[in-house]
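Undergrad: Structure for this input, please:
(2 chains)
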2 protein chains.
Amino acid sequence: MRTEPGPPNEESPEEGLREEWPSLAPEARAEAFRRLDPADAEELFVELGARDQASLVSALSPAERRLWMRVLAPDDAADVIQEVAPELREELLRLLDARTRREVSALLAYAEDDAGGLMNPRFARVRPDMSVDEAISYVRRQAREKIETIYDVYVLDPEQRLLGEVTFSDLFAARPEQLVRDVMYTDVVTVAEDTDQEEVANLFGRYGLLAMPVVDVNGRVRGVVTLDDIVDVVEEEATEDIQKIGGMEALEAPYLEVGFGAMVKKRAGWLSALFLGEMLTATAMGHFEDEIAKAVVLALFVPLIISSGGNSGSQASTLVIRAMALGEVRLRDWWRIARREVLAGISLGAVLGCIGATRIFTWQALFHTYGPHYSLVAATVGLSLVGVVTFGTLAGSMLPFVLRRVGFDPASASAPFVATLVDVSGLIIYFSVASVVLRGTLLGR
Amino acid sequence: MRTEPGPPNEESPEEGLREEWPSLAPEARAEAFRRLDPADAEELFVELGARDQASLVSALSPAERRLWMRVLAPDDAADVIQEVAPELREELLRLLDARTRREVSALLAYAEDDAGGLMNPRFARVRPDMSVDEAISYVRRQAREKIETIYDVYVLDPEQRLLGEVTFSDLFAARPEQLVRDVMYTDVVTVAEDTDQEEVANLFGRYGLLAMPVVDVNGRVRGVVTLDDIVDVVEEEATEDIQKIGGMEALEAPYLEVGFGAMVKKRAGWLSALFLGEMLTATAMGHFEDEIAKAVVLALFVPLIISSGGNSGSQASTLVIRAMALGEVRLRDWWRIARREVLAGISLGAVLGCIGATRIFTWQALFHTYGPHYSLVAATVGLSLVGVVTFGTLAGSMLPFVLRRVGFDPASASAPFVATLVDVSGLIIYFSVASVVLRGTLLGR
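TA: Numbering: from 1, shown residues only, chains lettered A, B, ... in the order given. As a prediction, this is how the structure comes out:
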């Protein structure tokens, strides 16, 4: 551990519990949590993720639940209520004070991964005709209510419509008697309530923001999404993409917390789909059964050739998927990428083709493995590799574009999916090259 | 676009340029940038990433460079200087005012991906014996100097050692005459200057922080890392992991900005290494050449069987790699994961084995494809699938642990790497099962 908490420097019981947390069962967590002193317990509780808060609250007694639910800001309380078992939701909602209950009920109406589901309905607000000094005292009064963290201050008209924003630095740097309307910034980036969280995260990144107001169709501010929610979104979306790239449905929960059955189901679905696709390789091989019977040596290189196509396709698709997720590459760039990847594929195929041919010549010189027509075998393998790798690279780079174009997540163009696609075509390329190069020798006329 | 900038609502020239930015060449960017009015230009400039700022500054004239370098906060100026061509660095440094130049020079001494390289040396500070009212006025004075964004306020002793921190909400909610030492929070999470950025990002996540002070060995505060830097770190680390999982070296720059040669080199290295590993499949197949010659039907299922092992291994390694990166799984959990994954492998293998056997029986009934011993062929394929998928799953899940144990990045256990490993062992499992099941029939005695 590189953390050095300020003075005092020894590890507190709360620190120790935080370390142990992931490996404890819910009951053990509740028990250890009860043994903390109240300040440590509160510190640990508010820093837990919503999923952990929910499982802890579920394991506590009704009186304890009331205490801990009231510690939470409205957006966090809404997240916890979304995570607990359905039969517990009403009870937890009833434990909140009247104002928070209203706010939480409103938040629960939004989809969890929309801007509305991320926002905090409490934020610092001022009016445009206040002086800077008045605005600062007004925000000080608001800070005494439960405003989690104050980022920017929003300037609203009497109908709660957004006029502009001021940062603390602006307010503090302005002369006390200046008016808010003269120091505010009017070109505010806002999002609609139903904007998807990935889009919200991209806007935060593009504009380098700390907070972004969520407005309804009438321009009224409903809440504020803050950067700390966005960090979770960024991690969550990366995890989803990584799991899809690995060839499975996104788990949507930490690996060790997903039940065994649910996990196997999420993996078996994709694995079976890939298996059914891969069955086409048996069909393709069946078509070339005569060639294999005549020249068994051809079969020896099948795994090497198809896996090279799969690997190069997996590289290309991974690069394009991530560049798309980060907004570096857009749909209309497909032609530019296609040209670049065809050239990359030919270069990479040539490298592997040379290595493959060298291997055959070397083994032949050392062990006479490949019979009298070894140079034709080497030519077949070398040429096939150029073709297979070029095709794999092109297919891998274009598949994410196709998927996005027809409305799917480009990340579904996983390494295994691309490999399956390329395996079948790789076999066809290989045996076609063989039938041309080896006609009249190994394969007869 | 779901963004609805506040009033005015039409797209500004700066908005348009921001949209076009990724697809423009450096000279075109500089030209379009010059045409913006100064306020729009400044807005666009500060929101660009360091890489884009650097390429823009490099394309401008010396007088323009001076103007724009002086717009940047010290940590951002340091990032830009790190991104430009080495021969330009001294010049850019000389363009800064004396104080910023000193701060930037100090920052340049840190590694880019350490806490020291991320921090901003300007932050809001107060003394413990100030009253809350005095502290607020003091921070107001500091806000007039160039403090980028004020998050928390740090309480320092005369030697700049950290005593505690107060948030704005705390300061604002406290009674004006209270002392800072009575409202400050002393259990501050800090990091050392040389803490790696991935570790810093994990701490931000674990403690739900907005900002974290960086202290030297004497407990003196050297700067503050803020959450907006961390979002970039999280994205960068996820990109690196995704590219490694896709079977290549991390590109370390946006896909379209990496030169063709550099990109092919980064991909060719891993691809050739995988190819050399995959050559073992040709060796393995060579050992079974006689079996293939006797029963060509065996060769037909080779791609199907080895790809199933590869796919299941890729799922398992991806899950474990991501769980490790998020801190959900630690080295000492390996035994728990191994047991879980063996069971998952057997279940998944059984599913695929049943599908495979069903396919053989169906094709046999319809087309008589597989000859008189089709039921033995089906048994061979089915049993091999259970073995290969179980082995693939176990190997895929354990490889990240092995890599981490010996000090490598677990993300290097990429889908292609695992697939290559599993292909060779998959062949051996398949032909061994075949030699037992088919002895005395297809394979003779």
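Undergrad: all helices of the stretch 1-150 of chain A, in order?
TA: Assigned helices in the stretch 1-150 of chain A, in chain order: A:13-20, A:26-34, A:38-47, A:50-59, A:62-69, A:74-83, A:86-94, A:98-108, A:115-118, A:132-144 (criterion: DSSP state H, counting those that start in this stretch).
Undergrad: Tabulate those (CSV), appending distance to residue A:237.
TA: To be clear about C-beta, it is placed using only N, CA and C from the backbone, and glycine gets the same treatment. Written out in CSV, the entries for these read as follows (distance: least, Cβ to Cβ, whole Å):
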stretch, distance to residue A:237
helix A:13-20, 25
helix A:26-34, 27
helix A:38-47, 22
helix A:50-59, 16
helix A:62-69, 28
helix A:74-83, 17
helix A:86-94, 26
helix A:98-108, 21
helix A:115-118, 13
helix A:132-144, 32
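Undergrad: For residue A:162, pull up the helix or strand it's in.
TA: Secondary structure from DSSP states H and E places residue A:162 in strand A:162-166.
Undergrad: Quick check: bridge partners of residue A:162?
TA: Note on residue A:162: beta-bridge partners residue A:156, judged by DSSP bridges.
Undergrad: Give me the pLDDT value at residue A:401.
TA: Each residue has a pLDDT score; the one for residue A:401 is 93.
Undergrad: And the pLDDT for residue A:396?
TA: The per-residue pLDDT reported for residue A:396 equals 92.
Undergrad: Downstream of the host helix or strand of it, the next helix or strand is which one?
TA: Taking DSSP H and E as the definition, residue A:396 sits inside helix A:374-405. Remark: after helix A:374-405, the chain's next helix or strand is helix A:415-437, criterion DSSP H and E.
Undergrad: relative to helix A:415-437, how tilted is the helix holding residue A:396?
TA: 140 degrees (axes from the mean of the first three to the mean of the last three Cα atoms, to 10 degrees).
Undergrad: tell me which residues of helix A:374-405 are tucked away?
TA: Of the residues in helix A:374-405, those buried by neighbour count under the rule 16 or more other Cβ atoms under 10 Å in any protein chain shown are A:374, A:376-401, A:403-404.
Undergrad: just checking: which of those also lie near chain B?
TA: residue A:389 (Cβ under 8 Å from any Cβ of the partner chain).
Undergrad: how about the helix or strand containing residue A:315 against chain B, any contact?
TA: Taking DSSP H and E as the definition, residue A:315 sits inside helix A:302-325. Yes: under the criterion of Cβ under 8 Å from any Cβ, chain B is reached by helix A:302-325 at A:302-304, A:306-308, A:310-312, A:314-315, A:317-323.
Undergrad: counting contacts, what elements does the lengthiest helix in chain A pack onto?
TA: Longest helix in chain A by number of residues (criterion: DSSP state H): helix A:334-367. Where contact means 3 or more Cβ pairs under 8 Å, 6 or more residues apart in numbering or on different chains; DSSP states H and E, helix A:334-367 is packed against helix A:302-325, helix A:374-405, helix B:260-287.
Undergrad: do you know which of the ones you listed lies nearest residue B:132?
TA: helix A:302-325 (45.2 Å; Cβ to Cβ).
Undergrad: what are the C-alpha coordinates of that closest one, in PDB please?
TA: Output for helix A:302-325, consisting of C-alpha atoms alone and laid out as PDB, is shown next (Å, rounded to 0.1, in the frame of the first residue of the first chain):
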ATOM      1  CA  VAL A 302      -4.600 -25.900 -40.900                       C
ATOM      2  CA  PRO A 303      -4.500 -24.700 -37.200                       C
ATOM      3  CA  LEU A 304      -1.500 -22.500 -37.900                       C
ATOM      4  CA  ILE A 305      -3.200 -20.700 -40.900                       C
ATOM      5  CA  ILE A 306      -6.600 -20.200 -39.500                       C
ATOM      6  CA  SER A 307      -5.300 -19.000 -36.100                       C
ATOM      7  CA  SER A 308      -3.100 -16.400 -37.900                       C
ATOM      8  CA  GLY A 309      -6.200 -15.000 -39.600                       C
ATOM      9  CA  GLY A 310      -8.000 -15.000 -36.300                       C
ATOM     10  CA  ASN A 311      -5.200 -13.200 -34.400                       C
ATOM     11  CA  SER A 312      -4.800 -10.500 -37.000                       C
ATOM     12  CA  GLY A 313      -8.500 -10.000 -37.100                       C
ATOM     13  CA  SER A 314      -8.700  -9.800 -33.400                       C
ATOM     14  CA  GLN A 315      -6.000  -7.000 -33.300                       C
ATOM     15  CA  ALA A 316      -7.800  -5.000 -35.900                       C
ATOM     16  CA  SER A 317     -11.300  -5.300 -34.400                       C
ATOM     17  CA  THR A 318     -10.000  -4.400 -30.900                       C
ATOM     18  CA  LEU A 319      -8.200  -1.300 -32.200                       C
ATOM     19  CA  VAL A 320     -11.300  -0.100 -34.100                       C
ATOM     20  CA  ILE A 321     -13.700  -0.900 -31.300                       C
ATOM     21  CA  ARG A 322     -11.700   1.100 -28.700                       C
ATOM     22  CA  ALA A 323     -11.100   4.000 -31.100                       C
ATOM     23  CA  MET A 324     -14.900   4.200 -31.700                       C
ATOM     24  CA  ALA A 325     -15.700   4.100 -28.000                       C
END
